[in-house]
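In: Could you work out the structure for the sequence below:
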Amino acid sequence: MISIIALLGACMAHAQGYRITVQLDGVQDSTVLLAVYNGNNKYARDTAKTDRKGLAVFAKNTPLAGGMYMLITGHTQLCDFLISDDQSQQFSIHYKKNGDKPVEIIFKKSPENTAFVDFQKYMGRRQSDARRLREQAQKDSSFRAAAADSLFQIADEEKEYTSGVIKQWNGKLLATLAKAVQPPPAAPEPEIPADHPKRDSIRWVHYFQWEKNHFFDNIDFADARLLNTPVFQPNFDTYFNTKIAQHPDTVIAAVHRILDKAKASDDMFMYCLGHLFNTYIKWKTLTITHDYAIGMEAVVVDLINRYYLAGEAPWAEKDTTFMRQIRDYVRNNRHSLVGLPAHDLPMQQLTGQQTSLYALQSAYTLLIFFDTNCSHCQKEIPLIYDTYKQYRDKGLQVFCVYIGRDGPEWQKFVEKHGLDWINAWDPYETTNFRELYTVQTTPQIYLLNADKKIIARRVTHDLLEQLLRFYIDKKAIDQPDTDGKENG
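Out: Next comes the predicted model:
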């Protein structure tokens, strides 16, 4: 009998959902929004209207997901608070105004949120103290040594205080947040002789590598509640944008490390994988090295093959359209990634003679796929030809493939624009060029080196000029962005 009553009591407690009573001084007869953080975004979860005394109640039978929430009225965000679990969703909030004094946020029946307010106040005071010390040290050089000692003391006090919060609220979201906002452990001083000629650069690399390797030491990937806070996503994005080299091989290695950590929670893994996929499939920036102009297509192919197509993302398998699209992406990109050798293309020239891509012997080869009916090609091809004329005596050749089947129309286009480079076609598509070179839209343009390795893909006229100045003229260029736009 006792066990049945206990079970019923547990079910009733779970069915209670949430009930949050709010008293908002100065906010009468107004709509109030209950919203949750989700990375850089905020999403509404409930609304209520205050009465003439500023009282409102948010209540539903379904519990709120763990995370950091806020109250918003109009364009004003009133306060933040935490939801740790199903047992912490019955409490009240008083947004108390005291004349000219700062607003007080008072919680009842929510000791964790009371502690959260105290934590925010303490960290705010410590950060304010540290900021004043740094500003004073900048103005007065004689104060720098004393300021440094005080800053170390503040850091030690913060660490001790935070450790107490983490211990006291172990298992609650407050503990996870308190740890997450702490900086990674300090790096040990490297042992480098004082007279070493590269001491400064070696120290910089040491500290940079340490910070990169320990960046997530205080982030609990097993706690998916962090996803519903403003803490996790900014750190996640900072790591991938600033702490690792923007090269596919480096990014792929980092992706594997982080996703291995994220597997501690199904929700965390789903978020991290999805966020990385969306980031890199939309990536437009090229990293230009002395060998290649690299995008992030290889990262996307790796994510698809290693996780989505390997059964690591069962939630995605329910979306047959998405799965078909990513399979197409791999099929259309796996053969033409930057750094891979270009596939040869035995074709027929406009003159009727046989030719092939590998028959061209040049320092650089521009491989073009175009259609006479493509409006973008009609604008882009003449511009590329003008650039070709400037560099054909410097080691640039062009293998220009017409993808259509209208021979007379093709000849008319070539003659109209005076295209005296290699003009070729494969009207019956025996070379499978569409799949080998992602020719879904036109123009598709690749730059190859002397070994016929792909240096750059999706080349535009503007990008081509920059690359040729860099590779042939040996002139420095700015790292460009490519919009990746294609028109067929």
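In: Please parse the protein into its domains.
Out: According to automatic domain parsing, the chain comprises the domains 2-110, 199-326, 347-471.
In: so can I have a markdown table of those domains showing mean pLDDT and distance to Val165?
Out: For glycine as for every other residue, the C-beta is placed from the backbone atoms N, C-alpha and C. As requested, the domains of the chain are exported to a markdown table (pLDDT from 0 to 100; distance: least, C-beta to C-beta, whole Å):
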| stretch | mean pLDDT | distance to Val165 |
| --- | --- | --- |
| domain 2-110 | 88 | 12 |
| domain 199-326 | 94 | 13 |
| domain 347-471 | 95 | 50 |
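In: Now tabulate the ones you listed in CSV and tack on mean neighbour count.
Out: Formatted as CSV, those follow (neighbours: other C-beta atoms under 10 Å):
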stretch, mean neighbour count
domain 2-110, 15
domain 199-326, 17
domain 347-471, 18
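In: Now render these as JSON lines, adding distance to Glu157.
Out: Formatted as JSON lines, the domains of the chain follow (distance: least, C-beta to C-beta, whole Å):
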{"stretch": "domain 2-110", "distance to Glu157": "23"}
{"stretch": "domain 199-326", "distance to Glu157": "17"}
{"stretch": "domain 347-471", "distance to Glu157": "52"}
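In: right, so of those domains, which gets closest to Gly171?
Out: domain 2-110 (7.9 Å; C-beta to C-beta).
In: Check the offset of that closest one from the chain's centre.
Out: 31 Å (C-alpha atoms, centre = their mean, to the nearest Å).
In: before we move on, what about stretch 236-254?
Out: 9 Å.
In: residues making contact with that stretch?
Out: 211-212, 215-216, 258, 272, 275-276, 279-280, 285, 287, 289, 294, 296-299, 302 (C-beta atoms under 8 Å, 6 or more residues apart in numbering).
In: what's the closest of the domains of the chain to Leu337?
Out: Using C-beta to C-beta, the domains of the chain put domain 199-326 closest to Leu337, at 5.1 Å.
In: Now do the helices in the stretch 201-350 of the chain.
Out: 232-238, 248-262, 266-281, 297-303, 320-333 (DSSP state H, counting those that start in this stretch).
In: quick one: which of those helices is nearest Pro184?
Out: Pro184 lies closest to helix 232-238 among these, at 10.5 Å (C-beta to C-beta).
In: CA atoms only for the closest one, dumped as CSV, please.
Out: Output of helix 232-238 as CSV, limited to C-alpha atoms (Å, rounded to 0.1, in the frame of the first residue of the first chain):
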residue,chain,number,x,y,z
PHE,A,232,27.5,27.0,-24.7
GLN,A,233,27.0,28.2,-28.3
PRO,A,234,29.2,31.3,-28.1
ASN,A,235,32.1,29.2,-26.7
PHE,A,236,31.5,26.5,-29.3
ASP,A,237,31.6,29.0,-32.1
THR,A,238,34.6,30.8,-30.7
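In: Centre of the chain to it, how far?
Out: 8 Å.
In: list the helices and strands the host helix or strand of Gly124 packs on?
Out: According to DSSP states H and E, Gly124 maps onto helix 111-139. Packing contacts for helix 111-139, counted by 3 or more C-beta pairs under 8 Å, 6 or more residues apart in numbering; DSSP states H and E, involve strand 76-83, strand 101-108, helix 144-168, helix 173-180.
In: Any buried residues in the third one, and which?
Out: Which is helix 144-168. Neighbour counts over helix 144-168 (16 or more other C-beta atoms under 10 Å) mark 147, 150, 154, 158, 161-162, 165-166 as buried.
In: okay, who's weakest in these by pLDDT?
Out: In terms of pLDDT, Ala147 ranks lowest among the buried residues of helix 144-168, with 81.
In: Output stretch 360-372 as PDB, restricted to C-alpha atoms.
Out: The C-alpha trace of stretch 360-372 is given here as PDB (Å, rounded to 0.1, in the frame of the first residue of the first chain):
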ATOM      1  CA  LEU A 360      47.300  20.100 -71.900                       C
ATOM      2  CA  GLN A 361      50.800  20.700 -70.600                       C
ATOM      3  CA  SER A 362      50.900  23.900 -68.600                       C
ATOM      4  CA  ALA A 363      51.700  25.300 -65.200                       C
ATOM      5  CA  TYR A 364      48.000  26.100 -64.600                       C
ATOM      6  CA  THR A 365      44.900  24.800 -66.300                       C
ATOM      7  CA  LEU A 366      41.400  26.400 -66.000                       C
ATOM      8  CA  LEU A 367      38.700  23.800 -66.400                       C
ATOM      9  CA  ILE A 368      35.400  25.400 -67.400                       C
ATOM     10  CA  PHE A 369      31.900  23.800 -67.800                       C
ATOM     11  CA  PHE A 370      29.400  26.100 -69.400                       C
ATOM     12  CA  ASP A 371      26.100  26.200 -71.400                       C
ATOM     13  CA  THR A 372      25.300  28.700 -74.100                       C
END
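In: Mind putting the helices of the stretch 201-350 of the chain into a markdown table with distance to Ser201?
Out: As requested, these are exported to a markdown table (distance: least, C-beta to C-beta, whole Å):
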| stretch | distance to Ser201 |
| --- | --- |
| helix 232-238 | 23 |
| helix 248-262 | 19 |
| helix 266-281 | 30 |
| helix 297-303 | 29 |
| helix 320-333 | 37 |
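In: My read is that Ala316 contacts Tyr308, right?
Out: Yes - between Ala316 and Tyr308 a contact is recorded at 5.6 Å, counting by C-beta atoms under 8 Å.
In: Report the set of residues contacting both of these two.
Out: Met323.
In: Mind telling me what element the closest residue to Ala293 other than its chain neighbours is part of?
Out: Of all residues not flanking Ala293 in the chain, Ala456 sits nearest, at 3.8 Å (C-beta to C-beta, 6 or more residues apart in numbering). Ala456 belongs to strand 454-457 when assigned by DSSP H and E.
In: All good on my end, thank you.
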